[in-house]
Structures are given as C-alpha cells and as structure tokens.
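Engineer: structure for the following, please:
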Amino acid sequence: MPPIRIAEALMTNSYTNENFDPAQVNQNPYELPLENLNPANPYLFAADAHKPWFKRLRDESPVHFVEQSPFGPFWSVTRYADIMTVDTSHDIYSSEPSINIGDPPNGEALPMFIAMDRPKHDEQRSVVNPVVGAENLRNFEALIRSRTQGVLDDLPIGQEIDWVDRVSIELTTRMLATLFDFPFEERRLLTRWSDVATAVPGLGVVDSEEQRHTELMECLDYFTNLWNERAKLPPKADFISMMVHGDATKNMDGAEYLGNLMLLIVGGNDTTRSTMTGSVLALHQYPDQYAKLVADPALIPSMVSETIRWQTPLAHMRRLAKQDTELGGKQIKVGEKVVMWYVSGNRDERFFENPDQYIIDRPDVRKHLSFGFGIHRCMGNRLAEMQLRILWEEILNRYGRIEVVGQPTRVASTFVKGYIALPVKLHPLSK
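Structural biologist: Have a look, this model is predicted:
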C-alpha cells in the first residue's frame with residue numbers, strides 16, 4: 001500500500017456536543033423567526049423532535065439558507081422534488097469532498113468513492129459492486145436465513161431483551177464480516193468502528209476528536225494487515241480482496257483506503273441495523289399494520305420498503321454547488337453547501353399521502369429517498385432489503401408479537417438516524 005498521509009483527514013470535524021443546544025428540543029419551531037430555523041442539531045434527532053422543524057421548512061422555506069451553524073453556512077433542501085433535482089444533477093452539484101454536512105468545516109475529509117465525482121467514483125465503485133451484485137445475492141440468501149434463524153432461536157420468550165444488541169447489531173455485523181471476509185470472532189469491532197466514524201464527540205461514543213483519531217488508526221492498522229494478507233492470495237469475492245486487486249483501488253493511500261472502509265462499514269451496518277429496529281418499533285406503534293402483515297405475509301417486501309421510508313436511516317446527504325444555480329426560486333452560489341434532507345423528503349405531503357402514517361401497503365412504496373438516486377444510489381440496497389425480508393419471514397414463523405416495553409434510545413446524530421437500544425419482549429405464537 002502507498003505511504004499513509006492521514007492525520008489531517010482523520011480530524012474530520014472541529015465540533016463537539018458543546019456546539020449544539022440541547023434546549024432546542026423544547027423549542028417550538030413555529031415561534032422562531034424563519035431565518036433562524038436550523039434543524040441540524042443532533043439533540044433534535046436523539047429526542048425524535050425534528051419533525052415539526054422540517055414540516056415548517058417544507059411549507060414555508062423548502063430551500064432554506066442557514067447562515068450560521070456549527071457546520072458553517074449551508075442550504076437545507078427539504079421537499080421531495082427539490083431533493084431529487086439535486087441528487088440527480090451531477091453536473092451542477094458535486095459530492096466532493098464529503099457527503100456529510102459536518103465534514104469538514106476546515107481541513108480535509110477522508111476520501112471515499114461516495115464522496116467523489118465521475119469518473120473516479122464510477123471506477124472505484126465498480127471494483128467492489130460485484131460483492132453485492134445479483135449473483136452473490138442468490139448465494140447469500142441461504143446463509144442469511146440460517147444465521148437469522150440461529151439468532152432468533154437463541155432469544156428468550158417473555159423476557160426483556162435489547163433488540164438492537166441481540167438482533168439488529170448481531171445480524172448486520174455477521175453480514176459485514178462475510179462481505180469483508182473479516183475474522184468472525186472479532187466482528188463486533190466493525191460495529192464499534194462504524195459508531196466511532198459517525199459520532200459527535202461528547203455524545204456517548206467518543207469523548208474527543210483525538211479518541212476518534214486513535215480508534216480509526218487502530219481500524220486502519222487492522223485492515224492494513226488484512227490488505228497485506230489478501231495481496232498474497234488470488235482475488236476473491238470480498239471487499240478487501242477486490243480493492244487489493246482492482247485497478248482503480250490497488251494504489252490507494254491509507255486515507256483513501258480508510259475512507260472507503262468507513263463507507264462500506266457504515267453503509268452496511270448503520271442503515272440495515274436501524275431499519276431492523278425501526279420495523280419492530282413501527283409495527284408496535286401501528287398494531288393495525290401488524291395485523292395486516294400477519295394476515296398477509298406476502299406484504300413483507302412492501303412493509304420493508306415502507307419501513308425504510310418511515311425510518312430513513314441516513315438523515316441527509318450533502319453536495320457542493322459546482323456553479324451558480326437556482327433551486328426552488330433561490331440563488332445558490334458556487335461552492336455553497338447544499339444539504340438534501342432525506343428525512344424530510346420522505347415525509348413530504350406533496351409526494352406521499354399521509355406521510356407521517358406507517359402504511360405497509362402504500363402505493364409506489366419503493367419511491368422513497370432513503371437509498372438516494374443517480375450515480376450514488378446505495379449499491380447495497382437489494383442486500384439490505386433481502387436481510388429485512390428474511391428477518392420478518394422468520395419472525396412471523398416464531399412469534400405472535402414483539403412488544404416494545406420501553407422507550408427507544410436514539411442516536412444523537414444529524415447523519416445516522418438510528419437506535420442505541422430498544423427494550424422488547426417476545427410473545428409466542430398462539431396455539
């Protein structure tokens with residue numbers, strides 16, 4: 001591997017929990033001057049209090065300029081149609097150097113192919129895409145089902161458990177270990193590194209940017225050893241081997257290698273595990289929809305898509321304007337940040353009827369924004385859907401109900417919209 005030039009890139013942001021106001025959770029966004037409306041606060045997402053903020057923006061200022069924030073100035077794009085315009089206009093909006101609102105307020109970001117434009121994006125993505133291609137998906141189905149059955153069979157009936165830890169993390173981390181051909185007994189390292197990569201310092205995962213730097217360097221060291229091992233072997237169908245032997249990736253430096261690792265780990269971990277938990281929560285909150293699912297298990301694929309819309313596991317993606325342009329009647333200048341709030345577009349009343357309701361047989365349910373569109377559409381979307389489908393096929397074969405017995409603990413992040421814990425009890429099938 002080429003020399004590692006990584007120190008600046010690992011210092012991905014200069015903000016901590018102290019930059020955000022926890023009191024914003026208790027504010028009524030309709031009582032604030034419109035120009036002061038800024039929903040990019042991790043406390044809002046941790047408290048599940050973000051919805052009215054986006055509702056007001058969609059109705060009154062769907063392309064909204066935030067002049068001052070911990071992330072610097074940026075445009076909030078909150079309606080479905082405008083988000084689609086940005087997401088598919090690759091000649092106007094750039095993904096470089098980052099797709100996260102907070103990376104970087106200064107300095108460099110870790111390079112990764114989702115944060116690249118053509119042609120480099122397409123070249124690097126094509127190297128690893130076959131791992132989650134159609135042929136491999138067919139090979140994965142039996143393995144995913146066997147593992148899902150094993151995890152569910154180990155759960156106690158009638159006792160409180162944490163669904164996030166026992167099921168969502170366990171299943172997604174097993175799959176990640178397979179995709180990387182990562183040492184299976186150490187697979188929870190992948191979960192830890194995923195959490196570290198996206199955390200706001202001081203909000204429960206890492207205490208400081210220096211701690212994040214240390215842990216991600218440990219991650220890089222670990223994966224560099226795997227890189228060196230794979231380089232001595234013939235190519236195989238795992239992410240590391242394909243990067244080692246791919247023409248577009250074999251000469252990456254350490255920063256680019258780590259960046260692509262974080263992309264693949266977070267993309268394969270946080271999104272699927274959040275939706276696995278979100279599906280349990282949604283079907284508990286909407287018992288009529290659960291009854292509908294039990295009566296017609298053929299609705300499982302539709303339910304999966306509706307959960308991905310309803311949950312929206314990644315709240316936003318960011319772009320930079322390549323040129324002066326107009327969007328929603330607003331003038332956007334070259335170099336300005338443009339944030340596509342998928343979490344808002346998926347609740348846009350102009351596109352979805354009754355968007356705040358969870359409706360598992362919703363028409364055109366696959367038209368949600370959660371996977372993105374255009375060249376950056378999530379390459380693992382079919383694998384995620386398969387994992388969720390199999391999980392619910394197996395759940396319906398085992399349990400009469402999954403009862404949520406306490407409040408969910410949500411991730412404090414403006415990027416990853418997920419769960420830390422969800423207490424549940426499993427109830428047996430009626431005889």
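
Engineer: and residue 378, backbone torsions?
Structural biologist: Here is the backbone geometry of residue 378 (degrees, to the nearest 10): phi -50, psi 120.

Engineer: what score does it have for pLDDT?
Structural biologist: Turning to residue 378, the model gives it a pLDDT of 89.

Engineer: same check, this time on residue 396
Structural biologist: Reading off the confidence values, residue 396 has pLDDT 98.

Engineer: now do residue 173 against residue 410, distance only.
Structural biologist: 20 Å (CB to CB, to the nearest Å). To be clear about C-beta, it is placed using only N, CA and C from the backbone, and glycine gets the same treatment.

Engineer: which one's more surrounded, those two?
Structural biologist: residue 173 (23 against 20; other CB atoms under 10 Å).

Engineer: doesn't that one belong to a helix?
Structural biologist: Yes - when classified by DSSP: H, G, I helix; E, B strand; the rest coil, residue 173 is found to be part of a helix.

Engineer: can you name the element that comes right after the host helix or strand of residue 385?
Structural biologist: When elements are defined using DSSP states H and E, residue 385 is found to belong to helix 381-398. On the C-terminal side of helix 381-398, the nearest following helix or strand under DSSP H and E is strand 399-404.

Engineer: tell me which other helices or strands that next one touches.
Structural biologist: Using 3 or more CB pairs under 8 Å, 6 or more residues apart in numbering; DSSP states H and E as the contact criterion, the secondary-structure elements in contact with strand 399-404 are helix 254-285, strand 423-428.

Engineer: 6 Å instead, please
Structural biologist: Counting contacts by 3 or more CB pairs under 6 Å, 6 or more residues apart in numbering; DSSP states H and E, strand 399-404 packs against strand 423-428.

Engineer: adjacent strands (with direction) for the strand it packs on?
Structural biologist: For strand 423-428, sheet partners with direction are given as strand 161-162 (antiparallel), strand 399-404 (antiparallel), following DSSP bridges.

Engineer: out of the ones you listed, the one nearest residue 421 is which?
Structural biologist: Ranking the strands paired with strand 423-428 by their distance to residue 421 (criterion: CB to CB) puts strand 161-162 first, at 5.0 Å.

Engineer: now that closest one: average pLDDT?
Structural biologist: If you average the per-residue pLDDT over strand 161-162, you get 98.

Engineer: list the contacts of it.
Structural biologist: Contacts of strand 161-162 from elsewhere in the structure, counted by CB atoms under 6 Å, 6 or more residues apart in numbering, are residue 421.

Engineer: next structured bit after that strand?
Structural biologist: Next along the chain after strand 161-162, with elements defined by DSSP H and E, is helix 163.

Engineer: starting at the chain centroid, how far to that next one?
Structural biologist: A distance of 18 Å separates the centroid of the chain from that of helix 163, by CA atoms, centre = their mean, to the nearest Å.

Engineer: buried residues, the helix holding residue 385. List them.
Structural biologist: Buried residues in helix 381-398, defined by neighbour count with 16 or more other CB atoms under 10 Å: 381, 383-392, 394-395.

Engineer: state the number of residues packed around residue 117.
Structural biologist: For residue 117, the tally of surrounding residues (other CB under 10 Å) stands at 16.

Engineer: residue 332 now?
Structural biologist: So residue 332, with other CB under 10 Å, has 22 neighbours.

Engineer: follow-up on the earlier one: could the strands paired with strand 423-428 go into JSON lines alongside mean neighbour count?
Structural biologist: Rendered in JSON lines, the data for these read as follows (neighbours: other CB atoms under 10 Å):
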{"stretch": "strand 161-162", "mean neighbour count": "17"}
{"stretch": "strand 399-404", "mean neighbour count": "17"}
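
Engineer: for these, which one sits closest to residue 82?
Structural biologist: In terms of CB to CB, the element of those nearest to residue 82 is strand 399-404, at 34.6 Å.

Engineer: lowest-scoring secondary structure element of this protein by mean pLDDT?
Structural biologist: Among the helices and strands of the chain, helix 7-10 carries the lowest confidence by mean pLDDT, DSSP states H and E, at a mean of 47.

Engineer: toward the C-terminus from that helix, list the very next helix or strand.
Structural biologist: Moving toward the C-terminus from helix 7-10, the first helix or strand encountered (DSSP H and E) is helix 42-46.

Engineer: just the mean pLDDT for that next one, thanks.
Structural biologist: Along helix 42-46, the predicted local confidence has a mean pLDDT of 97.

Engineer: now what about it, what contacts it?
Structural biologist: Identification of contacts with helix 42-46 by CB under 6 Å, 6+ apart yields 20, 22, 25, 50, 200, 410, 412, 413, 414.

Engineer: after it, next one along is what?
Structural biologist: The first helix or strand that comes after helix 42-46 along the chain, using DSSP H and E, is helix 51-60.

Engineer: got the buried residues for that next one?
Structural biologist: Judged by neighbour count (16+ other CB under 10 Å), helix 51-60 contains these buried residues: 53, 54, 55, 56, 57, 58.

Engineer: same thing with stretch 94-114?
Structural biologist: Burial within stretch 94-114, assessed by neighbour count using 16+ other CB under 10 Å, is assigned to 94-95, 97-104, 108-114.

Engineer: how far does it sit from the chain's center?
Structural biologist: Taking mean C-alpha positions (CA atoms, centre = their mean), stretch 94-114 and its chain are 16 Å apart.

Engineer: no more questions from me, cheers.
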